[in-house]
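1. Kindly return the folded structure for what I paste below:
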Amino acid sequence: MAATEHIPYGAPDDTRPGEQLWALVDTTVLVLTIAASSDMLVKLGPVQTLSWLLCYGLTLLRIGMIFPQFLALAARNKIVFVYPFICLSSVLWSAAPSESLVGGIQLLMTCIIATFLGWRYSLTLIMRAVAVILSVAAALSLLHWATGIFPWPAFTRAGGLAGIFSHKSMLGLRVLIAALAILALWLMPARTISRRSKRWLMIAMAM
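-> Numbers count the residues shown, from 1 in each chain. Below you'll find the model as predicted:
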């Protein structure tokens, strides 16, 4: 929703002096956000929470570096922030104000991170990241099913395969999202995503 000319820095593979570090930081935020929000780290205990805190901190740092531009971006897309601000305002009448405050802040930060990443990267790159990261989650789940490599049961008490997730429904939903992302990438023209990349995605779809 934002015009590309408002982006004050280059793509993640930028080779300009000083830009490579920040490109790495932005890529870290992208990968950790997708991984943490998919709950593929939930079995790792504090790693899930630490990943979110790192996403919060790095995003706020990057926004602080480009605050005027990000403020203009937020103003152009203010409709995105209506819902989290309503949730924050519910603290005034909530029966559990502290829980409402925490939930509202988390939702607001989620919107801020998503807005930053949607401004920083193209939709195609985000789709590729979703497909790759969730395919890794599927591969690790299959590996756990075949070898029991991780120190927790591969199956739920009900008997369904959960893999690296806490429940079979989580695995099923994430695999469905990965399949839809791969299908969307397959339908894109060759000038957007190469045929070679599409062939590699056949392995991910098979998983």
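
2. how close does W22 get to I66?
-> Per Cβ to Cβ, to the nearest Å, W22 is found 10 Å from I66. In this view, the C-beta of every residue, glycine as well, is placed from N, C-alpha and C.

3. Sorry, wrong one. I was asking about L24.
-> Distance of L24 to I66, given as Cβ to Cβ: 17 Å.

4. Ok, G103 next?
-> G103 is 28 Å from I66, by Cβ to Cβ.

5. do the same with S194
-> In terms of Cβ to Cβ, S194 sits 31 Å off from I66.

6. what's the answer for I133, then?
-> I133 is 25 Å from I66, where distance means Cβ to Cβ.

7. just to revisit the earlier point, comparing L24 and I66, which residue is more hemmed in?
-> Neighbour comparison, L24 and I66: the larger count goes to I66, with 18 against 11 (by other Cβ atoms under 10 Å).

8. shaky segments in the chain?
-> Residues of the chain that meet the criterion pLDDT under 70 lie in 1-17.

9. Give me the buried positions along stretch 94-108.
-> Under the neighbour-count criterion of 16 or more other Cβ atoms under 10 Å, stretch 94-108 has S100, G103, G104, L107, L108 buried.

10. nope, stretch 183-198 is what I meant
-> Buried-residue list, stretch 183-198, by 16+ other Cβ under 10 Å: A184, L185, I193, S197.

11. what's the closest residue to the third one other than its chain neighbours sitting at in phi/psi?
-> Which is I193. Distances taken as Cβ to Cβ, 6 or more residues apart in numbering put L185 closest to I193, at 5.5 Å, once the chain neighbours are dropped. With angles defined as degrees, to the nearest 10, L185 sits at phi -70, psi -40.

12. And for the one 4 residues further on?
-> In this entry, P189 is assigned phi and psi values of phi -70, psi 160 (degrees, to the nearest 10).

13. now F155
-> According to degrees, to the nearest 10, F155 has phi -120, psi 150.

14. Disregarding residues adjacent in the polypeptide, which is nearest to T28?
-> That would be L58: by Cβ to Cβ, 6+ apart, it lies 6.6 Å from T28.
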